[in-house]
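> Generate coordinates for the sequence data below:
(one chain, ligands or ions: 2)
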Amino acid sequence: MARSNSGPVVALVPAAGRGLRLQRGEPKAFVEIGNRSLLQRSVDGLIRSGAVDRIVVIVPAELVQHTRDLLGSDVTVVEGASERTGSVRLGLVAAEDAGIVLVHDAARALTPPSLVARVVAEVQAGRGAVVPALPVTDTVKAVDFMGAVVGTPDRSTLRAIQTPQGFRADLLRRAYDAASDAATDDAGLVERLGETVHTIVGEALAFKITTPHDLLLAEAIIAREAS
Ligand SMILES: Nc1ccn([C@@H]2O[C@H](COP(=O)(O)OP(=O)(O)OP(=O)(O)O)[C@@H](O)[C@H]2O)c(=O)n1
Ligand SMILES: C[C@](O)(CO)[C@H](O)COP(=O)(O)O
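Ligands and ions are numbered 1, 2, ... in the order given. Below you'll find the model as predicted:
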């Protein structure tokens, strides 16, 4: 198992979302591709990276016992909150011994283990906050509340951000202690402290399964791997 100088590498897996955009009528992390749930696939990827010492999964309250049965006693399972930031905050409570914290969406179920290992290696090498990033391939517009375009940011400066996001545990705790409202990712809270967040090159396979189209893509990838 990989150890940082200052404590274990603990991966938090937020899996307490409802998956409304996926429109499957069940919490997204429990939707299956090829007989394994997105959550199981994400946890397996973390384990296979060889870079994580402990895993804390955060799920809807009614699925805590089911998840414990599913994942076994090596994985800690805690109840989540109504927003992702709240769910990660609850996961952090269960990671008090961590030296490094990874936060990895259950919804990024096909993330290669090598990406997990690269993020951990960067934090172990001294970075306080590390996120995988890919260049944006569409032109992005800023619009007003009526949908009128108000600007076109320079695409060369934009990146789409993925998980796992890796942090020195004390830095992420400080960011969460200071946060008064939610953010769409954990690095956003670190940025608010004025601390540098470093990017590394992400992976196409770490895409977030959000819509029915994303699920179709994930199913096709798994089917091809199996054939
Ligand atoms: N209250 C929440 C909301 C989200 N998540 C988790 O954060 C990750 C990224 O969120 P997203 O993909 O947007 O999932 P949902 O919130 O479930 O999606 P939707 O907005 O379509 O309902 C997911 O693994 C999701 O389970 C969480 O733990 N707790
Ligand atoms: C954390 C994240 O996956 C980074 O891309 C993303 O911001 C989470 O998205 P959500 O829809 O806000 O849960």
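
> Which residues of the protein lie near ligand 2?
Within the chain, the positions adjacent to ligand 2 are 84, 105, 161-163, 184-185, 208 by Cβ under 6 Å from any ligand atom. Glycine gets a C-beta too; all of them are placed from N, C-alpha and C.

> show me which of the residues you listed neighbour ligand 1.
Restricting the residues of the chain next to ligand 2 to those touching ligand 1 (Cβ under 6 Å from any ligand atom) yields 84, 105, 208.

> can you tell me which of the residues of the chain next to ligand 2 are in strands?
I161 (DSSP state E).

> For PyMOL, write the select line for the buried members of the residues of the chain next to ligand 2.
This is how PyMOL selects the buried members of the residues of the chain next to ligand 2, with burial counted by 16 or more other Cβ atoms under 10 Å:
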select buried, resi 84+105+161+162+163+185+208
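
> Which of the three states applies to E219?
Per DSSP: H, G, I helix; E, B strand; the rest coil, the local secondary structure of E219 is helix.

> Now for it: which residues touch it?
33-34 (Cβ atoms under 8 Å, 6 or more residues apart in numbering).

> circling back: wait, which of the residues of the chain next to ligand 2 is closest to D170?
Within the residues of the chain next to ligand 2, the smallest distance to D170 is 18.9 Å, found for D185 (Cβ to Cβ).

> Find the residue closest to that closest one in space, skipping its chain neighbours.
Nearest non-adjacent residue to D185, counting by Cβ to Cβ, 6 or more residues apart in numbering: I161, 6.0 Å away.

> May I have the beta-bridge partners of that neighbour?
Per DSSP bridges, the residues bridged to I161 are A133.

> Pull the contacting residues for it.
By Cβ under 8 Å, 6+ apart, the contact set of I161 is 131-133, 185, 187, 199, 202.

> Dump those into a markdown table; add distance to L217 as well.
Shown next, in a markdown table, are the contacts of I161 (distance: Cβ to Cβ, whole Å):
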| residue | distance to L217 |
| --- | --- |
| V131 | 22 |
| P132 | 18 |
| A133 | 20 |
| D185 | 22 |
| A187 | 25 |
| T199 | 24 |
| G202 | 16 |
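
> which residues of the chain fall in helices?
Listed in chain order, the helices of the chain (DSSP state H) span 38-49, 64-71, 84-93, 113-124, 169-178, 186-192, 212-226.
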